[in-house]
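Colleague: Below: sequence and its predicted model.
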Amino acid sequence: MKKIYFTLATLFITVLSFGQLLYIEDFEVPGDGSNYTTSDANGAISEFSDGSSDFFLNTSEALTISGGYVVSSPNGSNYFAAQDIDGEGATRPLTLTTKSITVTGHSTIDIGMLIAEDDDGSNQDWDDPDYLHITYSIDGGLPQNLLWIEGEDTGSTTNNPPRIDTNFDGEGNGTEITSTFAEYIVFDIPISGGDEIVFTFEFDLNSGDEDIAIDYIRVYSDWVLSAERNEIENFTAYPNPVVDGRLTITTMSNAAKSVQIFDVLGKQVLATDIQQNGAINVESLNAGVYILKVVEEGKTSTSRLLIE
């Protein structure tokens, strides 16, 4: 089963490691064309910009789009952005498709990417027909749903915030896409003996200022916690994912514990001590993936921690 995690960073230096890098597109080379291709519904190559508010291309805010388009924290300077994608005559939907990625010998793979959207002051831009659908195909087979973004069902058919569509039903009900690039990781995409995989990003954004931007697409053979270990007898940390801001930690000895939580860049974001089994408050932490480290009587346990 695929597992989707929302994170705000990309590399935990000391304990989060990656398997083989199978593919990367950071959009730092404009108009690459060899690592991905673009087309419209008629099959025409359709990377374009009018220099202002109609665009579908590898770009940066300083280059070929309006200065009024604002997304922050890309990886590097460039990213791929789309807005009013039929404004210059292209036929919707438009697609960005990765090259074929060799996955021979792997049972599963993981993909991460950055996503943002210019909120135009209120983040209420998307109409019911607007979407970004990300799918994948193995060895030329039927497309499989990976990650969808749709407008939230607010009761109105227009001007809704874009959100992750967690159940692929055409309505955004998950994490809201904001103007700050945030990372989404999909773990455990089943390969089932396949040799090649292709990812397709399908954009349908109608006339107006509905938009989306993607950046830093990476595919790994495994995105793992290499130093995950459990030296402490009967160590548990629950609930995981944390949904109410409290994490309970228990062990066999019920002794004093030093607790540290790191973000995926390796920065310590929380440190506390508890004298016995009990709960800690993690309400100050943003939603995302973290590393939990607990030391008790000279023994250490580390694990991946998800906060929703």
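Modeller: Nice, I can see it.

Colleague: Could you tell me which residues within stretch 94-110 count as buried?
Modeller: Leu94, Thr95, Leu96, Thr97, Thr98, Lys99, Ile101, Val103, His106, Ile109, Asp110 (16 or more other CB atoms under 10 Å). Just so you know, the C-beta spots here come from the backbone N, C-alpha and C atoms, and that holds for glycine as well.

Colleague: which of those lies closest to Ile185?
Modeller: Checking the buried residues of stretch 94-110 against Ile185 with CB to CB, the nearest one is Asp110 at 6.4 Å.

Colleague: which element is the closest one on?
Modeller: strand 108-116 (DSSP states H and E).

Colleague: Following element in sequence after that strand, please.
Modeller: Downstream of strand 108-116, the first helix or strand assigned by DSSP H and E is strand 131-138.

Colleague: residues near Phe48, how many?
Modeller: Using other CB atoms under 10 Å, Phe48 has 18 neighbouring residues.

Colleague: re the thing from before, so which one among the buried residues of stretch 94-110 has the lowest pLDDT?
Modeller: Between those, the one the model trusts least by pLDDT is Asp110, at 85.

Colleague: quick one: Arg218 and Gly112, what's the gap?
Modeller: Distance, Arg218 to Gly112, by CB to CB, to the nearest Å: 5 Å.

Colleague: on that earlier part again, what packs against the strand holding Asp110?
Modeller: Strand 108-116 sits against strand 182-190, strand 211-220, with contacts defined as 3 or more CB pairs under 8 Å, 6 or more residues apart in numbering; DSSP states H and E.

Colleague: got the buried residues for the first one?
Modeller: In other words, strand 182-190. Residues of strand 182-190 classed as buried by neighbour count (16+ other CB under 10 Å): Ala182, Glu183, Tyr184, Ile185, Val186, Phe187, Ile189.

Colleague: Distance from that strand to the middle of the chain?
Modeller: Here the centre of strand 182-190 is set off from its chain's centre by 7 Å, with CA atoms, centre = their mean, to the nearest Å.
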